[in-house]
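1. sequence first, then the predicted structure, then my questions.
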Amino acid sequence: MVDPLRRDVLVHRGLYVLMALALLFLRLLPLGNGANGLPGPDLLLCVTLCWLLRRPDYLPALLIAAVFLLEDLLLLRPPGLWTAIVLLGTEVLRSRIALTRELSFPLEWLFIGLLMTAMFLAYRLAFAVTLMPQVGFGFAMVQVVASILVYPLVVWLSHLTLGVHKPGMGEVDDMGRRL
Amino acid sequence: MARNRTSPEEYTRPIRRILVGLLVLLLLAVFLLWRIDSPRVERFRTALIDRVMPSFDWAMAPVTHATTMVQGFQSYQSLYQQNQELREELKQMRGWKEAALRLEQQNAKLLDLNQVRLDPKLTHITGVVMADSGSPFRQSVLLNVGARDGIRDGWAAMDGIGLVGRISGVGRRTARVILLTDTNSRIPVVVQPSGQKALLSGDNSAEPPLEFLEKADLVRPGDKVVTSGDGGVFPAGLLVGEVIQKPDRRLRVVLAADYERLEFLRVLRSHDLEPITDPGGLVTPPVGADVIGPPPPQAEVDAEAPSGDGNG
């Protein structure tokens, strides 16, 4: 009925949405992790980049946009801006999939780190251009650094538990094309 | 067959690129719309949160309770350790000192509580905290009371002891409280014994600084800070906290409200400011009966008019 490969993609898309909702939910819990605490990593961004690098077919652009727009709206960020930046970042990554597939992990990590920093700077720049008040640079940078540090863990966990890995040599997709 | 495999890719790639570009433009347009006409988009956001959050509630409540239980358990563990330490100190006859200090602190806290006197005209609605802002750069909480319960923008929210923040954004079933620690929060306050007025402006730290103090040397660490009621935003005299001085010589305020556990918040119904509709009998001649409010004092106007003529 449904091709197993196709089903695998759909299952992972569903998992991605579920995970995004769970992460949002955890962040919204009223546990009073108030001021003074250092901002933690942006896990959703880590997951998105990690999955995209491994299996771009799991995350269509529209899905990424929808998830991040929801996050924008619920977390009181300017709606659309971060979504647009994430979308651009993922497209940059997507267009270089052939290149990144051959990278070793440290290089991949470096690449992702640079990408995250660039996205963060673009976000700051957009804030500055539209004359909006923004949080201190160092304080916000802590979040980026935390995201970069936690990235290998996300990669490892999503490989271990959800089986998100780079396609091997002989794997084909539902159309019979090579991945 | 090999040609078939690659050809659809070649057709779809440019189209895909255009579509993604359009999507990005659309998102940026949403952002610009928000930047230009913020209230409308914010209203949409409030409506969305109002729809989404209460449906999360059934799941949030157990998780929150479980976590607070774990925290409670951890505090029991530390209590046990504390107990052990105290026993050791008891051997050295120092336990008495500890107990006395603790009692003194408790006494001070109770005394502090007794001095909170609210305006008797103020009534309040109590709401339960449903959700955090979810972002480390925003300090706000979501209450489960909203326009349905008569909540309005700008009202003050307190916990049992001190001011917590103000309502900003009201949905039908939810309302958002911007905490005093948020970077957008500015509250006019008075430092108590000296009567110095200042602005308490949040900066994302647990102790917001006092700004625009006229004579900073009159303010000492330990002074009490209450709301001043200036600008008609807040009722006057709500306890905010206590002044401290940080090593960088900046005066900051330790908030009286317990920010670690915001669970129930009181939203104070502020009475509306009475608008002045009467132009004043002395400035202009009395207008007709369409003026709402008490009629201008006719007799005084009459008495003033001839005297003015006499002088001129």
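-> Arrived safely, thanks for sending.

2. distance of A:Arg6 relative to chain B?
-> Taking CB to the nearest CB, to the nearest Å as the criterion, A:Arg6 is separated from chain B by 16 Å. To be clear about C-beta, it is placed using only N, CA and C from the backbone, and glycine gets the same treatment.

3. what's around that residue, how many residues?
-> 12 (other CB atoms under 10 Å in any protein chain shown).

4. do the same with A:Leu69
-> 19.

5. contact partners for it?
-> With contacts defined as CB atoms under 8 Å, 6 or more residues apart in numbering or on different chains, the neighbours of A:Leu69 are A:Pro79, A:Gly80, A:Thr83, B:Leu27.

6. let me have those residues in CSV, adding neighbour count and distance to A:Leu125 as columns.
-> Compiled in CSV, these are given as follows (neighbours: other CB atoms under 10 Å in any protein chain shown; distance: CB to CB, whole Å):
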residue, neighbour count, distance to A:Leu125
A:Pro79, 23, 18
A:Gly80, 25, 16
A:Thr83, 28, 16
B:Leu27, 24, 16
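
7. out of these, name the ones that lie in helices.
-> With helices identified by DSSP state H, the entries of the contacts of A:Leu69 that belong to them are A:Thr83, B:Leu27.

8. what ranges in chain A fall below the confidence cut-off?
-> A:1-2, A:31-37, A:168-179 (pLDDT under 70).

9. make it 90
-> Within chain A, the ranges that satisfy pLDDT under 90 run A:1-12, A:21-43, A:52-61, A:73-80, A:92-105, A:108, A:130-143, A:158-179.

10. and the stretch 201-312 of chain B, by the same measure?
-> Under the criterion of pLDDT under 90, the regions of the stretch 201-312 of chain B flagged as low confidence span B:202-207, B:211-224, B:228-239, B:245-251, B:256-312.

11. helices of that one, residue ranges please.
-> For the stretch 201-312 of chain B, the helices identified by DSSP state H, counting those that start in this stretch occupy B:298-311, in order along the chain.

12. cool, chain A as well?
-> Listed in chain order (using DSSP H), the helices of chain A are A:4-28, A:43-54, A:61-74, A:81-95, A:97-100, A:105-129, A:137-162.

13. tell me the angle the second one makes with helix A:137-162.
-> It refers to helix A:43-54. Relative orientation of helix A:43-54 versus helix A:137-162 (axes from the mean of the first three to the mean of the last three CA atoms, to 10 degrees): 50 degrees.

14. swap in the first one?
-> Inter-element angle recorded for helix A:4-28 and helix A:137-162: 140 degrees (by the same axes, to 10 degrees).

15. can you give the distance of helix A:4-28 from its chain's centre?
-> On the basis of CA atoms, centre = their mean, to the nearest Å, helix A:4-28 is displaced by 12 Å from the centre of the chain it belongs to.

16. send me stretch A:39-47 as PDB with only the CA atoms.
-> What follows is stretch A:39-47, C-alpha atoms only, in PDB (Å, rounded to 0.1, in the frame of the first residue of the first chain):
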ATOM      1  CA  PRO A  39      20.000  31.100  28.100                       C
ATOM      2  CA  GLY A  40      20.200  27.500  27.100                       C
ATOM      3  CA  PRO A  41      20.800  26.200  23.600                       C
ATOM      4  CA  ASP A  42      18.200  26.500  20.900                       C
ATOM      5  CA  LEU A  43      17.500  22.800  20.500                       C
ATOM      6  CA  LEU A  44      15.000  23.100  17.800                       C
ATOM      7  CA  LEU A  45      17.500  24.800  15.600                       C
ATOM      8  CA  CYS A  46      20.100  22.100  16.300                       C
ATOM      9  CA  VAL A  47      17.600  19.300  15.500                       C
END
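
17. which residues sit against it?
-> When contacts are taken as CB under 8 Å, 6+ apart, the neighbours of stretch A:39-47 outside the stretch itself are A:16, A:19-20, A:23-24, A:67-68, A:71, A:86, A:116, A:119, A:139-140, A:142-144, A:146-147, A:149-151, A:154, A:158, B:136-137.

18. and with 7 Å instead?
-> Applying CB atoms under 7 Å, 6 or more residues apart in numbering or on different chains, the external contacts of stretch A:39-47 come out as A:19-20, A:23, A:71, A:86, A:116, A:142-143, A:146-147, A:150-151, A:154, A:158, B:136-137.

19. quick one: mean pLDDT over the longest strand seen in chain B.
-> Among all segments of chain B classified by DSSP state E, the strand with the greatest residue count is strand B:123-132. The average of the pLDDT scores along strand B:123-132 is 84.

20. please save the CA atoms from that strand in PDB.
-> As requested, the backbone C-alpha atoms of strand B:123-132 are provided in PDB (Å, rounded to 0.1, in the frame of the first residue of the first chain):
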ATOM      1  CA  THR B 123     -10.300  44.700  44.700                       C
ATOM      2  CA  HIS B 124      -8.500  41.900  43.000                       C
ATOM      3  CA  ILE B 125      -8.900  38.900  40.800                       C
ATOM      4  CA  THR B 126      -6.600  35.900  41.400                       C
ATOM      5  CA  GLY B 127      -5.200  34.100  38.500                       C
ATOM      6  CA  VAL B 128      -3.000  31.000  38.100                       C
ATOM      7  CA  VAL B 129       0.200  31.200  36.200                       C
ATOM      8  CA  MET B 130      -0.200  28.900  33.100                       C
ATOM      9  CA  ALA B 131       3.000  29.400  31.100                       C
ATOM     10  CA  ASP B 132       6.300  31.200  31.000                       C
END
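
21. sorry, back to before: pick out the most distant pair among the contacts of stretch A:39-47.
-> Taking CB to CB as the measure, the contacts of stretch A:39-47 span a maximum distance of 26.7 Å, between A:Ser158 and B:Phe137.

22. quick revisit: dump the contacts of A:Leu69 into a markdown table; add distance to B:Thr181 as well.
-> As requested, these are exported to a markdown table (distance: CB to CB, whole Å):
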| residue | distance to B:Thr181 |
| --- | --- |
| A:Pro79 | 24 |
| A:Gly80 | 27 |
| A:Thr83 | 27 |
| B:Leu27 | 30 |
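
23. may I see the buried residues of the strand or helix carrying B:Val20?
-> Secondary-structure element containing B:Val20, defined by DSSP states H and E: helix B:2-36. By neighbour count with 16 or more other CB atoms under 10 Å in any protein chain shown, helix B:2-36 contains the buried residues B:Val20, B:Leu23, B:Val24, B:Leu27, B:Leu28, B:Val30, B:Phe31, B:Trp34, B:Arg35.

24. and the two most separated of the residues you listed?
-> Farthest apart among these by CB to CB are B:Val20 and B:Arg35. That separation is 22.7 Å.

25. hmm, A:Leu38 and A:Val142 touching each other?
-> Yes: with contact taken as CB atoms under 7 Å, A:Val142 and A:Leu38 are classed as touching, separated by 5.4 Å.

26. tell me which of the two has more neighbours.
-> A:Val142 (16 against 10).

27. which strand residues bridge the residue nearest to B:Arg266 when sequence neighbours are not counted?
-> On the basis of CB to CB, 6 or more residues apart in numbering or on different chains, the spatially nearest residue to B:Arg266 that is not a chain neighbour turns out to be B:His124, at 4.1 Å. Using DSSP bridges, the bridge partners assigned to B:His124 are B:Leu268.

28. if you count what's nearby, which of A:Ser158 and B:Phe137 comes out ahead?
-> Regarding A:Ser158 and B:Phe137, a neighbour count based on other CB under 10 Å identifies A:Ser158 as having more, with 21 against 18.

29. tell me the contacts of the closest residue in space to that one that isn't next to it in sequence?
-> Counting by CB to CB, 6+ apart, A:Ser158 lies nearest to A:Val164, which is 4.5 Å off, once chain neighbours are set aside. Contacts of A:Val164 were listed using CB under 7 Å, 6+ apart, and they are A:Trp51, A:Arg54, A:Arg55, A:Ser158.

30. cool, thanks, talk later.
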